[in-house]
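> sharing a model prediction with you, sequence too.
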Amino acid sequence: MSTASDVLAALEEVHDPEVDRSVTDMGFIRSVTEDGGAVRIVMQLPTYFCAPNFTWLMVDDVRQAAERVVGKGAVSVSVEDHFESERIQSGVQSRGGFMTAFPSEAEGNLEDLRDHFRRKTLLIRQEQVCRQLEEVGVDAESLVDLVLGDVIRLDPPALGKYLTTREELGVGSRHDDPFLIAADGRPVGPEQVRAHRRSARVMAVSFEGNGHLCKALLAERYPAQLTTVDEGEVA
Amino acid sequence: MITRDGKNYFIVDGHIHIWDGSDENCLNDYGKGWTQCFFDYHNGLSPEEEKWSKERFAKIEKADVVKDVLDNGGVDVAIFNPTVLSAFYKTGFRREKEALELVEENPGRFILNTSWDPRFGEEGLELLEKEASERKIQGVKLYTAEWQGDSRGYSLTDPMAYRYLEKSQELGIKNIHIHKGPTVWPLDRDAFDVHDVDHVATDFQDLNFIVEHIGLPRLEDFCWIATQERNVYAGMAVAMPFVHAKPRYFEQIMGELLYWLGEDKICFGSDYAIWTPRWLVERFLDFQFSEGSEYDAITDDQKAKVLGLNAARLYDIEVPEGVVGGAEVDALVEVVA
């Protein structure tokens, strides 16, 4: 494995918060180039107007994921054809934070936004696990009685990502913690299960729709533009 | 009117445009970016045989609208929802003069909604009043994300927006179409957030709030609000072409909308000229949930409501006899009256 390939592999863990799919899977990484230890990443997005706040989150996450591979300061990330390309690129690069880059438009940092969408992701992933549990014979009514340990024993395919999100949010990831929880971490009672799961389902439909639209628009904007990995001169 | 299997369907296209997005009309790169984005939507979700050249797409003429929407489109009544974008285009994106002419030249076939913007303050209120005194206005298209000077958008809960909603109610402008879209303000929050609709829908019970594009990319928040508020509706523009591009996904959209909102609160819209209505309507008439789907089968009556009867109710459009579901609407109007 080369450095650029390692970086690209690391970017598979960076997710678009509105879609809950990785930026590599979405086709947002146009190229990763390594030259003399410096890594340059070029991103491409579905529209000229993609929301700068979500764009910032992704660009910053991409930078951090790449830096975990090659070290701090060795990474630059740019966004092609975006109306705020410059401010986002230089802002993320200088680590000045979102408020510094957009002083007149932003009122705070982006952590609330990130948290809000991560909680939506939690519910979507939880619902995936619910469905997979039902497929292996778990009764829908008994979902509220399960603790995490029960689910870990059954090991449904979506479990890993779900547990990661629970840990990130700090909403309880011990074996004796309840499995079915609301966005704020509180357990879901038997009388709330139906509404809770219907909400999670429409959330999943919404995220999936965002993904379809993004992919359709990106394919028009950058036809047949596959991610390129360029190792540059091998020292 | 579109006939399928011997049944007539009354069609109201709740969302059309006549625009000039040509390079000559662009003020800046934002305008060019906007037109290109619309064109990418067109190409990204249209069947091959329905795709246009960029040149044809960029500027829409009156004759195009008549041909594509009425003559070939089979649409009985179409509603213009203007997108002004005066910060991006020299004469704005929408062609107001041409839209007005189409209304006059084709009696009963077109409805022209207006637009307002609370950032125009008292002066804008007076203009709205003047416009309403000159012609009958039934609806307004709001673009809460539109740029205006240094401002990158507003919220419906802003005090001045309340004044405009009060004025709309007073003037009998009862259909408020809302588009949530790109903005960089306020950046650290979610600009697509539809919760401001929740507040105003509660406070303005005599107004109808039609959330365009079914609230995407925040369908889940929109569905929740629409369940709470009886006067919130779904505009299907942009969601419709999924019937072709992602049919299995379209099933989920329709299933969720029917579950959350019910068949009386979903309104067809082509978003012409991004897409033309004919193929959207025909494919929707062909549409059915697949075998083993968790959703109940959709009926002809439900399709008729989505395709025209619901919007006819909102806009007091007379529905002719002999169409699917027509009699029921008549009865409903009597009850309401």
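Nice, thanks for sending it over.

> which elements pack onto the worst-scoring helix or strand of chain A on mean pLDDT?
Least confident helix or strand, chain A: strand A:228-230 with a mean of 76, by mean pLDDT, DSSP states H and E. Counting contacts by 3 or more C-beta pairs under 8 Å, 6 or more residues apart in numbering or on different chains; DSSP states H and E, strand A:228-230 packs against helix A:3-11, strand A:29-35. Yep, even glycine has a C-beta here, placed from its N, CA and C like the rest.

> what comes up buried for whichever helix or strand comes after the shortest one?
Where DSSP states H and E defines the elements, the next helix or strand beyond strand A:29-35 is strand A:38-43. Of the residues in strand A:38-43, A:V39, A:R40, A:I41, A:V42, A:M43 count as buried by neighbour count, 16 or more other C-beta atoms under 10 Å in any protein chain shown.

> likewise stretch B:208-220?
Neighbour-count burial for stretch B:208-220 flags B:208-220 (criterion: 16+ other C-beta under 10 Å).

> tell me, which of these make contact with chain A?
Taking C-beta under 8 Å from any C-beta of the partner chain as the test, chain A is in contact with B:L216, B:P217, B:R218, B:L219, B:E220 out of the buried residues of stretch B:208-220.

> remind me, longest helix of chain B?
If you go by DSSP state H, chain B has its longest helix at helix B:29-45.

> now that one: mean pLDDT?
Averaged across helix B:29-45, pLDDT comes to 94.

> and of the buried residues of strand A:38-43, the nearest to chain B?
Minimum distance to chain B across the buried residues of strand A:38-43 is 16.7 Å, recorded for A:M43 (C-beta to the nearest C-beta).

> wait, doesn't the closest one sit right on A:D61?
No - contact between A:M43 and A:D61 fails when scored by C-beta atoms under 8 Å: they sit 11.0 Å apart.

> return every residue with contacts to both of those two.
Overlap of the contact sets of A:M43 and A:D61 (by C-beta atoms under 8 Å, 6 or more residues apart in numbering or on different chains) consists of A:V23.

> from memory B:I60 sits against B:A273, does it?
Yes - assessed by C-beta under 8 Å, B:I60 is found in contact with B:A273 at 4.9 Å.

> shared neighbours, these two?
B:H17, B:I18, B:W19.

> how about the helices in chain B?
Ranges of helices in chain B, per DSSP H, are B:29-45, B:54-58, B:62-65, B:96-105, B:121-134, B:159-170, B:195-203, B:219-228, B:242-245, B:247-260, B:277-286, B:300-304, B:310-314, B:326-336.

> repeat for chain A
Listed in chain order, the helices of chain A (DSSP H) span A:3-11, A:52-70, A:85-94, A:98-101, A:111-135, A:148-154, A:159-169, A:193-221.

> so what's the nearest residue to B:T276 once chain neighbours are set aside up against?
Nearest non-adjacent residue to B:T276, counting by C-beta to C-beta, 6 or more residues apart in numbering or on different chains: B:D68, 4.9 Å away. If a contact means C-beta under 8 Å, 6+ apart, then B:D68 has B:Y272, B:A273, B:T276, B:P277, B:R278 as its contacts.

> what distance do you get for the last one to B:F287?
Using C-beta to C-beta, to the nearest Å, B:R278 is found at 15 Å from B:F287.

> those two: which is more packed in?
Neighbours per residue, other C-beta atoms under 10 Å in any protein chain shown: of B:R278 and B:F287, the larger number sits with B:R278, 19 against 15.

> now, the most widely separated pair of the contacts of B:D68?
For the contacts of B:D68, with distances taken as C-beta to C-beta, the pair at the greatest spread is B:A273 and B:R278 (12.7 Å).

> so A:I41 makes contact with A:E34?
No - between A:I41 and A:E34 there is no contact under C-beta under 8 Å: 10.0 Å.

> give the residues shared as contacts by those two.
Residues touching both A:I41 and A:E34 by C-beta under 8 Å, 6+ apart: A:V7.

> residues near B:E122, how many?
9.

> how near is it to B:Y164?
Distance of B:E122 to B:Y164, given as C-beta to C-beta: 11 Å.

> show me the buried residues of stretch B:208-220 that map onto strands.
Among the buried residues of stretch B:208-220, the ones falling in strands (DSSP state E) are B:N208, B:F209, B:I210, B:V211.

> dump the residues you listed into a markdown table; add pLDDT as well.
Converted to a markdown table, those look like this (pLDDT from 0 to 100):
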| residue | pLDDT |
| --- | --- |
| B:N208 | 98 |
| B:F209 | 98 |
| B:I210 | 97 |
| B:V211 | 96 |
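
> if I pick the closest residue to B:N72 other than its chain neighbours, what's in contact with it?
Among residues not flanking B:N72 along the chain, B:R278 sits closest, at 5.7 Å (C-beta to C-beta, 6+ apart). Neighbouring residues of B:R278 by C-beta under 8 Å, 6+ apart: B:I2, B:D68, B:N72, B:G73, B:G74.

> out of these, list just those in strands.
Among those, the members falling in strands (DSSP E) are B:I2.

> ok, so of the contacts of B:R278, who is nearest chain A?
B:D68 (21.0 Å).

> what would the helices and strands packed on strand A:228-230 look like in CSV with mean neighbour count?
CSV is the format used below for these (neighbours: other C-beta atoms under 10 Å in any protein chain shown):
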stretch, mean neighbour count
helix A:3-11, 20
strand A:29-35, 20
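
> got a markdown table for these, with mean pLDDT and distance to chain B too?
Shown next, in a markdown table, are the helices and strands packed on strand A:228-230 (pLDDT from 0 to 100; distance: least, C-beta to the nearest C-beta, whole Å):
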| stretch | mean pLDDT | distance to chain B |
| --- | --- | --- |
| helix A:3-11 | 94 | 22 |
| strand A:29-35 | 94 | 17 |
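
> count of neighbours near the closest residue to B:V324 other than its chain neighbours?
Nearest non-adjacent residue to B:V324, counting by C-beta to C-beta, 6+ apart: B:A304, 4.0 Å away. Other residues lying near B:A304 total 25 when counted by other C-beta under 10 Å.

> repeat that for A:L218.
Using other C-beta under 10 Å: A:L218 sits among 20 other residues.

> go on, B:H195?
Neighbourhood size, B:H195 [other C-beta under 10 Å]: 15.

> now do the contacts for it.
Contacts for B:H195 (C-beta under 8 Å, 6+ apart) come out as B:D221, B:I225.

> 10 Å - rerun?
B:S155, B:L156, B:T157, B:R218, B:D221, B:F222, B:W224, B:I225 (C-beta atoms under 10 Å, 6 or more residues apart in numbering or on different chains).
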